[in-house]
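Asks: quick one, structure for this:
(2 chains)
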Protein chains: 2
Amino acid sequence: MKIGVFDSGIGGLTVVKSLLEHRLFDEIIYFGDTARVPYGVKDQNTIIRYALEAVEFFKNFDIDLLIVACNTVSAYALDEMKQNAPFDIVGVVEPGILAAENSLPGTDANILVLGTKATIASKAYEKLLHRHDYYNIEAKATGLFVPIVEEGLFGGEVLNSTMRHYFGDMPPPDAIILGCTHFPLISDAIGKYFNNKSLLIHSGEAIVEYLQIHYDLSMHFDTTDLKLFASENPDALKAVAHKWLDL
Amino acid sequence: MKIGVFDSGIGGLTVVKSLLEHRLFDEIIYFGDTARVPYGVKDQNTIIRYALEAVEFFKNFDIDLLIVACNTVSAYALDEMKQNAPFDIVGVVEPGILAAENSLPGTDANILVLGTKATIASKAYEKLLHRHDYYNIEAKATGLFVPIVEEGLFGGEVLNSTMRHYFGDMPPPDAIILGCTHFPLISDAIGKYFNNKSLLIHSGEAIVEYLQIHYDLSMHFDTTDLKLFASENPDALKAVAHKWLDL
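Replies: Modelled structure (predicted):
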C-alpha cells in the first residue's frame, strides 16, 4: 500500500517514525510545507487553502491513502480535503480520541488536550470527546512548545519555565493528548512535570492503532521506500529525517 | 510623500510607530505577509521569492519609497528587491549600523547583534559593521523571542529563562542591536538583563534618523493616512495596530 503523509513542516516525521516502526506500508510519500510553516498560528481560511494545495500535490502520486499528520490541518481542513481528493484521507484528531477511549478507565476521566493556538481554537478535540461522552476536558494552547522543540530544547530551564507558565500547579490529568506533531519530542519532560501520573497520547502511535483497525494491513513490509518532499529546503528535511528516523 | 512598509507579519508595526511619532509622511501603505510569517526560520531562496512578491504588491500603489521593516528580508533580499522595483527601497540593517556608529564611543566598542536564525546566518550586520571598522561583535540568533513576544510575554519567567539561555552571564555589551521588529517590545527586559548598561538600538528609531539624513523630509504632517494590508486576516493586523499605535 502506497500512502502519503502531509504535514506543515518537519514535525510529521514523528508520525512517520511510528509508521516505519510498525512496517505497515511499502511506500510513503512525505510532503512538508516548510516554506509556509507553522500553520498553528494561522487562520482557518489560510489553513484550508494550503491543505487543498497539498491535496493537489499528492494527486501527482498514485497513493491509496493520505495521512494528515498535522493536528491543525486535521482540525480545520479535513472535510474540504476529503471533498477534493480521489484517495482516502485520515487525520490525527479522531485516532487520538480513540486511543484515549481505549486506555482510559471511564468517561469521567480528566483529559488535558495540548495543541497550537489554531488547533485549540478549532475545538476539534473537545467536540469529538464530547461525542464520546467525555466532559472533563481542559484544552490548552501551548504554542511556545513548537519553537522550543525546533530549537532542540527537549529539556532544561526554558522548557521548564514554559511548562510552569502553561500548567502552573495543575494536578496530573488522567490523560494528556499531545495534539501537535512536535510534542512527542518533549513527552518525557511533560510526563515528568506531572510526576509520570498521566497517560500521554501520541498521534503517531494513535494513528497506527487506528489504521490497524480500519484498514487491511496484515502484511508487514521489511523495507519501506520513503520519499521526502518539502516546499523549501528539502535537504534540511532529509537531514532531520536521517537523525530522527535512524535512516 | 507616500511610502510603503513591508514586513513578514505584524512586527513591522513597531517601525510604523516610530514613523508616525515623527510625522514624516502623509500616507503609509503597510503590508504584512501574515499568511507565511515567520520568515526568520526560512531559507534565502524562499525569503527572496516572498520579498519579490511584496515588490509586485507595492507596484499597485504609487509609492515613492518602500521601507523593509523586516530584518530578515533586509538581510537577504534587498538587492533583488531594488533590481525589480520602480521605487526607492530602504532596509533596516544599514540604519541600525549607522545609529550604532553615531552613538558609540569608538570602533573598539562591544556590540551584540540579536536577530532571527536567518538574519544572523546571513551575517549582514557583521559584514556592514566590519566595513565600519567594528570588530568586537557577537551575533546571536535569539529566535525564541519572536513567539514569546507574539504570546504577549513581555516580561516574566519564560522570557527571563530564555534570556538566561541565550545570554548566560555575558557582560553588558556597549550596544545591543535589536535586529528583529519583535524585539523592541521586550527591550525593557533585555536592557534590565544587562543592568541597563547597554545602549539598545531599535530599527524604528534608527530608520527615522536615516531617512532624515537621506531624504528631504522637512515637512511634518499633522495626520498620516495609514492603510493596512495582510496576506491573511487583515482584521487581526488592524486590531494589533490599534493597540500598539494608539490609533
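Asks: make it CA atoms for all contacts and neighbour counts henceforth
Replies: OK.
Asks: now chain A against chain B: closest residue?
Replies: For chain A, the residue closest to chain B is A:Arg36, as judged by Cα to the nearest Cα, at 4.9 Å.
Asks: compute the distance between that residue and B:Val37, please.
Replies: Distance, A:Arg36 to B:Val37, using Cα to Cα, to the nearest Å: 7 Å.
Asks: show me the residues around A:Ala230 that make contact.
Replies: A:Gly9, A:Phe31, A:Gly32, A:Asp33, A:Thr34, A:Ala35, A:Leu237 (Cα atoms under 8 Å, 6 or more residues apart in numbering or on different chains).
Asks: where does the nearest residue to it once chain neighbours are set aside fall, phi/psi-wise?
Replies: Distances taken as Cα to Cα, 6 or more residues apart in numbering or on different chains place A:Gly32 nearest to A:Ala230, at 4.7 Å, with adjacent residues excluded. Backbone torsions of A:Gly32, given as degrees, to the nearest 10, read phi -110, psi 130.
Asks: need the pLDDT of A:Leu13.
Replies: Looking at A:Leu13, its pLDDT stands at 96.
Asks: distance from the chain centre to the helix ranked longest in chain A, please.
Replies: Ranked by residue count, the top helix of chain A under DSSP state H comes out as helix A:44-58. Centroid displacement of helix A:44-58 relative to its chain, using Cα atoms, centre = their mean, to the nearest Å, is 17 Å.
Asks: which residues sit against stretch A:206-217?
Replies: Taking Cα under 8 Å, 6+ apart as the rule, stretch A:206-217 contacts A:Val15, A:Ser18, A:Leu19, A:His22, A:Leu24, A:Val92, A:Pro95, A:Gly96, A:Leu98, A:Ala99.
Asks: now the helices for chain A?
Replies: So, for chain A - with DSSP H - the helices run A:13-21, A:44-58, A:71-76, A:78-83, A:93-103, A:117-122, A:124-131, A:145-150, A:157-167, A:187-193, A:203-214, A:234-245.
Asks: highest mean neighbour count out of those helices?
Replies: helix A:71-76 (a mean of 27; mean count of other Cα atoms under 10 Å in any protein chain shown).
Asks: quick one: is that helix near chain B?
Replies: No - legend: contact between helix A:71-76 and chain B by Cα under 8 Å from any Cα of the partner chain is lacking; minimum distance shown is 14.6 Å.
Asks: pull the CA atoms of that helix into CSV?
Replies: The C-alpha trace of helix A:71-76 is given here as CSV (Å, rounded to 0.1, in the frame of the first residue of the first chain):
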residue,chain,number,x,y,z
ASN,A,71,-3.2,18.4,14.1
THR,A,72,-4.0,21.9,12.9
VAL,A,73,-4.9,20.7,9.4
SER,A,74,-6.7,17.7,10.8
ALA,A,75,-8.8,20.1,13.0
TYR,A,76,-9.7,22.6,10.3
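Asks: report the mean per-residue pLDDT for that helix.
Replies: Per-residue pLDDT over helix A:71-76 has a mean of 97.
Asks: follow-up on the earlier one: show me what the longest helix of chain A is packed up against.
Replies: helix A:71-76, helix A:78-83 (3 or more Cα pairs under 8 Å, 6 or more residues apart in numbering or on different chains; DSSP states H and E).
Asks: give me the contact list for the last one.
Replies: Taking contacts as Cα under 8 Å, 6+ apart, the residues outside helix A:78-83 that touch it are A:Ile48, A:Ala51, A:Leu52, A:Val55, A:Asp88, A:Ile89, A:Val90, A:Gly91.
Asks: again with stretch A:111-123
Replies: A:39-44, A:71-72, A:75-76, A:125, A:136-143, A:173-180.
Asks: show me the contacts for A:His132.
Replies: A:Thr107.
Asks: run the last query once more with 7 Å
Replies: With contacts defined as Cα atoms under 7 Å, 6 or more residues apart in numbering or on different chains, A:His132 has no neighbours.
Asks: residues of chain A that sit close to chain B?
Replies: A:Ala35, A:Arg36, A:Lys42, A:Thr46, A:Leu144, A:Pro147, A:Glu157, A:Val158, A:Ser161, A:Thr162, A:Glu232 (Cα under 7 Å from any Cα of the partner chain).
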